[in-house]
Structures are given as C-alpha cells and as structure tokens.
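> need coordinates for the following:
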Amino acid sequence: MLDFIDFLNADGIEQLNNGNYQLIINKHLSSFNLNEKTFLNDVLSLNNKDSLELAIASLLAFIQEGWTGPALDFNPTSSFNPPVPDSVWLKLLSVDGEECYPLTTAPILLVISKTILMDNVARFPESNSLLWWTYRCAFTVQKILDNPSGSLQDLIVKQLELIAVTLPTINENRELNAKFNLEFGIVHHFYGNDSKAYHYMKQAQSSTGLEWNLTGVMGRRTKFQTYDTSQLVLHAQSKLSIEKSDGVVPEKLDLNDEILLEKIEYAKIEGKPYSINFEGEKVDLEKLQGNLNVIDQTILLAFCLNVKNTNPVDGLTTEEMFPYVTRVLENPNNWMVTTMGLVLRSRLEANKSRTVERSCLQLQALVDQWRLQPDDSPVQVRMEHIFSLLVPSKWDMERELGERFVSIGVIRSALEIFERLHMWEQAISCHQMLEQPKKAEQLILSQLEVNPTSPKLLCLLGDVRGDISLYEKSWEISNKRFARAMRSLGGYWYSQSNWSKCIECYENALSINPLFENSWFIMGCAAMQIENDDIAIKAFSRCTQMDHSNAEAWNNLASTFIKQKKLQEAYRALKEATKGNYESSKIWDNYLYVAVDLGEFSEAIRAMDRVFSIRIEKEGTKNTLVDEQVLDIIIAAVASDVEDADGRPASRLVKKLEQLLNLITSKYASYEVFILSAKFYKSQSDFISWLEYVEKAQRHVLHDPLILEQQKNFNLLVQATLELATVYIESQTLTQVPRMGTEALPICKDWNYKARMAVKAVIGKTKSIYEGTTEYERLVEKLQELIQLKNQ
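Prediction:
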C-alpha cells in the first residue's frame, strides 16, 4: 500500500505501515488551536513533509473507521472548543451538489486529507506518489457521496493518467505496476467505463504474469448426483511468489444444504486427479487449484466485477462470476481480499432459494466482523490491499443486508436497519411496501424538524406527497446546487408531457452533475418530442458515451440522424444498437431500412434475417414478419448485380439471399414472398425452383377461406392462377440440368395438362359465386387458350 512514497521520512513510513495513524494525527493536532475557524489554516501551516504525513495518516484512519475496522479509539473533534458537529465537516466534502452519507464517522479526517491532497496540492513539488495519493483521497470522497460526481471523475482520471506517463515498468517494479493498473481499472469500473476497466485489468494481469482461464470440467454439484456433468471452473497460476499474510481471515459460513455440496466434487479418472489442457500443456486439476499471490487474487475479483458490469443480470452471468469468487475463497490469504470475496459470493447467492439464507447470514457476519479488535486481524493487514478492492463501506454493507431482507420479505427488519442508518429513501420504500404511507410522511417530517434546510429530505417529502413545490423549495434552499431536485422536477414535467420545462430542469441538473445517464436519456426523449434535434443528439450521444451498450440511446440517436438525412451516422448508430440489444426487432427493422437506403445489401439481408427470426417466435407479429417491398429491392439489386456501398458486386450475395429466402419460406407462407422467391430463382436461371415457387404462391391463395366471400381475394386468386398458367406456357421451351442429373431436361413435360388443371380447379371452385364477372371470364379465356395450344 505504501510502496511508492517519495516524500516522507523513514520513520513516518514505518508508522504508517504499522497502522499507527493515531500517533501521527495526535502528534500534529496537539499543536493546533482546535477551533473551527482556524483549524484548516493550522493544517496548512505545517511544513510539506508534516502536511503530507498528516494527510495520508488521516486518510487511512478515515478508511479504517469506515471500511476496514476496527473502530478508532479516539475522536479527533472531541477537543474542539466550541464543539463542531460532523455535519459541518460533511458540507465541506460535498461535491457537485451531491450530499455525503449523513452518518459518516470522523469526517474531519477526510477533510484534513482533502484540504492538503486536493485543495492545496499545488504547493508541493510534483511527484508521482503525491498524484497517486491525491487520486486515492478523491476516490474516497466519491465513495461517501450519494451519487457519482463528474468533477471528481475528471480529477481522478487526470491524476491516474499523469501517473501512467512515468510509471515504473514491469521489469522495474512488477507489483507496483500491477497495483496501479488494477486501481485504474477499478476507477473505470466504478464510473461504468467497462471497456477501459477491462483494458487496465488485463494490464494488471500482464504485470504479475497471472495465467487464468475459464473452462469446463466434469464434476458433481449435488449430493445425490449419480453422474458427472460439465462444471464451469476457473484455473489460475501465479508467477509472483506466494506469501500468506499474517492474521486471521473472516469466517466463511458453510452452506449446510441437504442437496447442494459445499463445493464442486471433480471427477477422477481411474482414481487419479482430473487433467486438463492449460496454456498448451496437460496439467493436473489439483495443481491449478493451488494457492495464489494476494495481488493475483485481487485481480481475479476485479475481473469478476467486470463480468457483472458488462453482462445483463441473468443466470448465465451469475454462473460465470461464481468461479472467480470460488477460486479466491479456496485459498484465503488476506483479511480484506477474503472479505471482498465473501461479499461477492453473498451477492451471487442472493437470488437462489437454496443459498439465500447463507447469503444473509454471511453478510451479517461481515457486518459484525468490523467490530473485531486488532488482535484478531491487525489494522495494517486489513489495510494492505484496500485500494485494490472495491470493498463496500460499513454502512453500504448494512444497507445491502437491509436490501437482502427486503428481497426475502423481512420488511420490518429491513426497515429497522434503514432507519438506524438514516437511509430515508429505503425506509420510505419499506413503509410503502407495508402499506403505511402516512408513517413514511411522518418519518420525513420528524427528520425535517431536526434539519429543516435539508434539500434531500424536502425532495423525499415531495416524492411521498407528489408535491412539486417541494422540489422547487429544495432547489432554492440549496442555492440551486442540489441536482436531485431538478431531476425529480424534470421527471414530473416529462410525465405531464411538458417537454420544454422537462428539458430546462434536466439541463440545470446535468450542468451540476453530468454523470446521470438516465437524465440524459429522458432529456433526449423530450427533445425528440419537440423536434429539437441538437439537444437530442447531444443527450443521446452522452448516454452512449457513458454506456456504450445502451441500445435504446443508440436507436434514438439514429432516429434523429435519419430526420436530418444523415444516413451514414444513423447507420453507424444502429449498428451499435444491434450490439447492445440483439433481440430487439424494432432496432433491426430500423437498421434494415437504413442499410437498404445506403446500399449495404449484405447487412440488409442480415437484418431481415434477424427481424424474421425474432418475430416468428412471437404471437401477433404475422403482418410484420417480412417487408416485401424491401425484400424486392434486395432481390432486384442482387439480380441486377448492382454495386453495393463499398463498390462490390451485389451478385456475391446470392447464397446469402437464398438462405434467407429458404428460412422465410420454410416457416411462413405468403403469396408475395413466394412470388419474390420465384423472381429470385428465375434471375439465377434456376427454372425448376422458379416454377415451384409460382405453384406455391397459387396454392397458397387457392386455399384462402375468404375467396368465396371477398371479391379482392378472388381477384388475387385469378391473378395468381393466370401467372401460373403463363409460367407453364413459358416452361415448354426451357430445359435445366436437375440437381442430381448430368444432362438438361425439360423443366415441365406436361406443362399444358398442369396449366389446364390449375385453371379448371379455380373455375370449378368459384363458379357458383363469380360466374359472369370480368375476372371469372379471364379464367375461361385462359382455359380456352390452353386447350388450343394442346391441340396444335
């Protein structure tokens, strides 16, 4: 944790490494006049080395108090005269209008660190290690805010990018390089930049030389399983030396289930351990389940978090995350690494009936462990890898426990937790689930009596009462800095279809804190309603920057580009939208039309395939399965061998188009589709298939039950029958080599007989209703023509 400090003396570093933060803090505070007005000036009056020593000690003590435990046995504000409440210090930590968690303990420690490392860092000589601690301080401030802060994100990323320029190479300091990349990856993960997070996690893996892969091995998961099935496991080997940390680790609770095994029981072959291919070699499975370096364990947990961030919430994602956690928990080496592994396991087990009980109990045990004394696990051991993990704070962990209780229906216990933690939003939700709206309102009013100028409480009261004037009051009380008030007001105006006011409110909110993807999205939708394309493009572009997989934002962005006739931009946006939501037929439909307009015929065929495949499985979509006009355009382009958008001949797509037609006609019957298929095969000189599809088209219309009831259906049947008869007449001179033959044969020897039979069948079926009509007489005339041809 303190590998890279070049601005402290050896004694200061030793005290920090030993967890003696209180000694350092008391040493410096004892010389201050502990008064609110002069305190921060006293902090800045220290010389550079003493200032930085105090800043780091204060930051680590604050993290000990809020994240690692045990609780500090001193109160930095106890000697202030007059006493200063924590709320004063918390206001100094608010950023971008985002409030801090109100029960944050010892916030003065973070204020000290922020004052030195963030607000006045320019006074110190430039140093990579100083930049590193500045980012750590800023990221800690971020963790106590209600929501992500845009200005903090910019500061944090800037510091890390500056460090990266002169970071020691892997050969110079392998572990330091790994820690930096891992911390940078965790920052990007926190702010939702998944691709960047994955990049830095891979860099961290390269730094340590960790080798790992997910694979399947045969094994059993239940006690009564009589045969082996494939189980997903993670194999890993460390290249760094493995040193087990001193101290105990948190207790791992057993599952104690009557069906599930505690862990996967791997298969053995003739009594020997199962062997698999790993990095090109045959390796025993047991060897790949050995101990790992602690840094490698933190890397695996980071990859696990990224799996969660880059995949939808479903069972498959959970199954893919479990092996990472299991691999770390098999070899517990460090207090906080094991804690993080158990937190992740409890989250993954929360949605399964056979594991939800352990999930709750394990989370309760983790909450309780925070109170354990240092003898059980020294402070320095708990702090060793704290910046390489995204461990929740003690209040966040208790919040998770409350949410877990809600998920299993233990609402009152959850309510007690939320009220004790002063998490009023969750407490209100519990009251509403208990059908106690009056109590929810009374709860907020009681808190407003204590803190009548709280913008957050006013917004919550506005939520409960549905009174937008309270949002406006919250906005004014906060001096127009509480962005949540404008977000709530914007949401209200959107529900009332007042698009202009909605946009105005969201612009106010996002000017303060732009890290709200949903706010950008709603503002973009409102802008589309009033056809303000500039705001819509700006809003949806920000959405896609924040979450590249937001398919709806990409789709709406494309719609706006289409209105502006910017088809290339729309095409690129829709291509990204299809990646974000592969199962949305609406997005594929839009992609299809733009692709055809641009001459992207290959992508148009692919899009039509997806639209059909998605909608054929759903009820009520029969009329939208195939767009015959677009299909006709594609067939004409391929038949005419026009150039596509890239200048390549469309005729190269013959096989791909044929596969599409086969797919459609195998599951869906339509006169138009059969005729278009016939058109395609004729263009390819496949006369046998051409004739087959014209026959299918005519038969499809012939079996229409409404022929005898509706004139238009009869007219279509006449058209189909006359087309078929004409094709039969044309076929008399056509020959083709059959698929299994070697010489050309007539495609239809008895063409005249088949044509006459087709026409006679229709005449006989419809005579009683339509005899004497113009269309009917056309059939009679065609039959006479065929008889004459036969007699020639």
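> ok but residue 395 is inside a helix, no?
Yes: counting by DSSP: H, G, I helix; E, B strand; the rest coil, residue 395 is found in a helix.
> tell me the contacts of it?
The neighbours of residue 395, taking CB atoms under 8 Å, 6 or more residues apart in numbering as the test, are 66, 101, 103, 104, 421, 423. Any C-beta I mention is one placed from the backbone N, CA and C, and that applies to glycine too.
> that one and residue 230, how far apart?
Distance of residue 395 to residue 230, given as CB to CB, to the nearest Å: 41 Å.
> which parts of the stretch 201-350 of the chain are strands?
211-222, 229-237, 260-266, 268-269, 272-273, 275-278, 281-284 (DSSP state E, counting those that start in this stretch).
> make JSON lines from the ones you listed and add distance to residue 494 and mean pLDDT to it.
As requested, the strands of the stretch 201-350 of the chain are exported to JSON lines (distance: least, CB to CB, whole Å; pLDDT from 0 to 100):
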{"stretch": "strand 211-222", "distance to residue 494": "43", "mean pLDDT": "87"}
{"stretch": "strand 229-237", "distance to residue 494": "43", "mean pLDDT": "88"}
{"stretch": "strand 260-266", "distance to residue 494": "46", "mean pLDDT": "85"}
{"stretch": "strand 268-269", "distance to residue 494": "61", "mean pLDDT": "68"}
{"stretch": "strand 272-273", "distance to residue 494": "61", "mean pLDDT": "59"}
{"stretch": "strand 275-278", "distance to residue 494": "54", "mean pLDDT": "59"}
{"stretch": "strand 281-284", "distance to residue 494": "58", "mean pLDDT": "61"}
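> okay, those strands, which one's buried deepest?
Comparing the strands of the stretch 201-350 of the chain on average neighbours per residue, with mean count of other CB atoms under 10 Å, the densest one is strand 229-237 at a mean of 18.
> in this structure, what spans have low per-residue confidence?
Low-confidence segments of the chain (pLDDT under 70): 1-7, 170-171, 244-247, 269-288, 308-316, 371-376, 740-741.
> now the buried members of the contacts of residue 395.
With neighbours counted using 16 or more other CB atoms under 10 Å, the contacts of residue 395 contain these buried positions: 66, 101, 104, 421, 423.
> ramachandran coordinates for the second one?
Which is residue 101. When read as degrees, to the nearest 10, the backbone of residue 101 gives phi -60, psi 120.
> sorry, back to before: okay, the buried ones among the contacts of residue 395 in CSV with secondary structure and distance to residue 222 next?
Formatted as CSV, the buried ones among the contacts of residue 395 follow (DSSP: H, G, I helix; E, B strand; the rest coil; distance: CB to CB, whole Å):
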residue, secondary structure, distance to residue 222
66, helix, 41
101, coil, 42
104, coil, 45
421, coil, 38
423, coil, 38
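> follow-up on the earlier one: quick one: closest of the strands of the stretch 201-350 of the chain to residue 467.
Nearest to residue 467 among the strands of the stretch 201-350 of the chain is strand 260-266; the distance by CB to CB comes to 50.1 Å.
> packing partners of that closest one?
strand 211-222, strand 229-237 (3 or more CB pairs under 8 Å, 6 or more residues apart in numbering; DSSP states H and E).
> including distance to residue 476, could those go into JSON lines?
Below are these laid out as JSON lines (distance: least, CB to CB, whole Å):
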{"stretch": "strand 211-222", "distance to residue 476": "54"}
{"stretch": "strand 229-237", "distance to residue 476": "54"}
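> got the CA coordinates for the host helix or strand of residue 180 in CSV?
If you go by DSSP states H and E, residue 180 is part of helix 174-190. What follows is helix 174-190, C-alpha atoms only, in CSV (Å, rounded to 0.1, in the frame of the first residue of the first chain):
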residue,chain,number,x,y,z
ARG,A,174,6.2,-5.6,-11.2
GLU,A,175,3.9,-5.4,-8.1
LEU,A,176,3.6,-1.6,-8.2
ASN,A,177,2.8,-1.7,-11.9
ALA,A,178,0.1,-4.3,-11.2
LYS,A,179,-1.4,-2.3,-8.4
PHE,A,180,-1.6,0.9,-10.4
ASN,A,181,-3.3,-0.7,-13.4
LEU,A,182,-5.7,-2.5,-11.1
GLU,A,183,-6.7,0.7,-9.2
PHE,A,184,-7.2,2.5,-12.5
GLY,A,185,-9.3,-0.4,-13.7
ILE,A,186,-11.5,-0.3,-10.6
VAL,A,187,-12.0,3.5,-11.1
HIS,A,188,-13.2,3.0,-14.6
HIS,A,189,-15.4,0.1,-13.4
PHE,A,190,-16.9,2.4,-10.7
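> so what's the gap between it and the chain middle?
Distance, stretch centre to chain centre, for helix 174-190: 21 Å (CA atoms, centre = their mean, to the nearest Å).
> buried residues in it?
174, 176-190.
> from these, which is closest to residue 303?
Of all these, residue 303 sits closest to residue 185, with 9.1 Å by CB to CB.
> would you confirm that the closest one contacts residue 201?
Yes: using CB atoms under 8 Å, residue 185 is in contact with residue 201, at 4.2 Å.
> intersection of neighbour lists for those two?
Counting by CB under 8 Å, 6+ apart, the shared contacts of residue 185 and residue 201 are 302, 306.
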